[in-house]
Structures are given as C-alpha cells and as structure tokens.
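[1] When you get a sec, could you give me coordinates for this:
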Amino acid sequence: MRHFLRLRYPKLLLLLIITVLSYLIFTNPYVKNLVLNFGIGNFGYISSFIAGILFAFGFSAPIAVGFFIVSQPQNIVISALAGGAGAILGDLLIFNFVRFSLMDEFKRLERTKPFRAVIKAIEKNTTAKARNYLLYIFAEILIASPVADEIGVTMLAGLTSIKQKAFAALSFLLNALGILIILALSH
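    Here you go, the predicted model:
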C-alpha cells in the first residue's frame, strides 16, 4: 500500500486532476452564468488580465482557459491583449523566481528510456543549429499554449541566453496569441 501511495510524478498527476476538475466546473451551466454575470460584465478586461496571470502557471492554466472559454468578451482582441499582459507577470515570476519549480521531475523524466530515445533520435538526425531552432520553437509553442509555461520558460531561461526584456516581449506576444486563439475558438 505504501508503494501505491508513493507517486512517481505527483505534480503532473495534480495538473491532470486540476484540468479534469476545471473542465467539470466550467461546463456547469451555473458556473457559466456566474462568470458571464460577474466576470467580464462587471470587471471589464481586468478579469482577462487576472485570468492571464493564471494562464501562465501550469496548475492554474486550466482554470484560466475555462474562464476564457465561457467569458464571451465583447472584444476578443482586447481581452487577449489584457490576458497577455497578465501572463507577462506570471511568466516573469517564473523566469526570475520559480523557473526551476518542476526541475526535479524533469530531471527524473530525462533519465527515462523513452525520453532518452527521443533525445538520441533528435541528436542523430539534426544539426546543433537545427536543435537550437527546434528548442525555441518548442518553447514558444508551450508558452503560447495553456500547457505549463514553466516548461517553456525554463527551456528559454535555462538553455538559452535570452534577455529578460526580449523574453517579456516574446511572452506577451505568445500568450496573447494563445488566448486569442482560445477566445476565437470559443465564440
């Protein structure tokens, strides 16, 4: 029983549980009405800004996505820009203070056979320059998506020499684009 309770990837399991709970919460008609009546309507784009902050963190991203899906703002571009501005705060926090919050599990994941096989295949089939481009592209996709920004930010902060100002601009553009896509798909 002790072995069963000792989880190998507890943070990733928690993220999965939060995602499922967020889905269940935001598909509830009562919650949708609550967000529509007390979210954008009363607090304007400040709600999008706050949801943007949540969008930057893996464990709260599902909640932010649920909010963006049900919020139905009048102008999705302004809402996406407000959310992107909020996400900068979250990403800069990660970049400066919490960038290694999941490093213990990522290091453990790096030692697994499937992960090592993927890395070996990439190294065998690509040049160092191509791997660098792939790293940036993959990190940017992670930051733009509702997947944990911590991974993409850690990749950029730990494996590249990107400056904080350039990172902030990139974070804003990518998160605003990701939020805009979510808002456009939900309309």
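[2] The one helix or strand residue 16 maps to - contacts with which helices or strands?
    Using DSSP states H and E, residue 16 falls within helix 10-26. Applying 3 or more Cβ pairs under 8 Å, 6 or more residues apart in numbering; DSSP states H and E, we find helix 10-26 packed against helix 29-38, helix 61-71. Heads up, the C-betas are built off the backbone N, CA and C, glycines and all.
[3] Would you mark the buried spots in the following helix or strand past the last one?
    Okay, so that is helix 61-71. Later in the chain than helix 61-71, the nearest helix or strand by DSSP H and E is helix 76-93. For helix 76-93, the neighbour count (16 or more other Cβ atoms under 10 Å) marks 76, 79-93 as buried.
[4] For this protein, which helix extends over the most residues?
    helix 164-186 (DSSP state H).
[5] Next, the buried residues of it.
    167, 170-172, 174-183.
[6] same question, stretch 64-75
    64-73.
[7] min pLDDT across those residues, which one?
    Across those, the bottom pLDDT score, 78, is held by residue 72.
[8] ok, that one to residue 95 distance?
    As judged by Cβ to Cβ, to the nearest Å, residue 72 and residue 95 stand 32 Å apart.
[9] so where is the protein shaky, pLDDT-wise?
    1-5, 35-42, 97-103, 106, 158-159 (pLDDT under 70).
[10] try it again with 50
    For the chain, applying pLDDT under 50 flags the ranges 1, 98.
[11] Out of the helices and strands packed on helix 10-26, flag the one nearest residue 21.
    When the helices and strands packed on helix 10-26 are compared by Cβ to Cβ, helix 61-71 sits nearest residue 21, at 7.8 Å.
[12] Counting neighbours, what do you get for the nearest residue to residue 89 once chain neighbours are set aside?
    Counting by Cβ to Cβ, 6 or more residues apart in numbering, residue 53 is the residue found nearest to residue 89 once chain neighbours are left out, at 5.4 Å. Using other Cβ atoms under 10 Å, residue 53 is surrounded by 19 other residues.
[13] Check the one 5 residues further on too.
    Here the number of neighbours of residue 58 (other Cβ under 10 Å) works out to 22.
[14] before we move on, back to that, ok, which of the helices and strands packed on helix 10-26 comes nearest residue 45?
    Closest of the helices and strands packed on helix 10-26 to residue 45 is helix 61-71, at 10.1 Å (criterion: Cβ to Cβ).
[15] Tell me the helices and strands packed up against that closest one.
    Looks like helix 61-71 contacts helix 10-26, helix 29-38, helix 46-55, helix 76-93, helix 164-186 (3+ Cβ pairs under 8 Å, 6+ apart).
[16] Alright, I will stop here.
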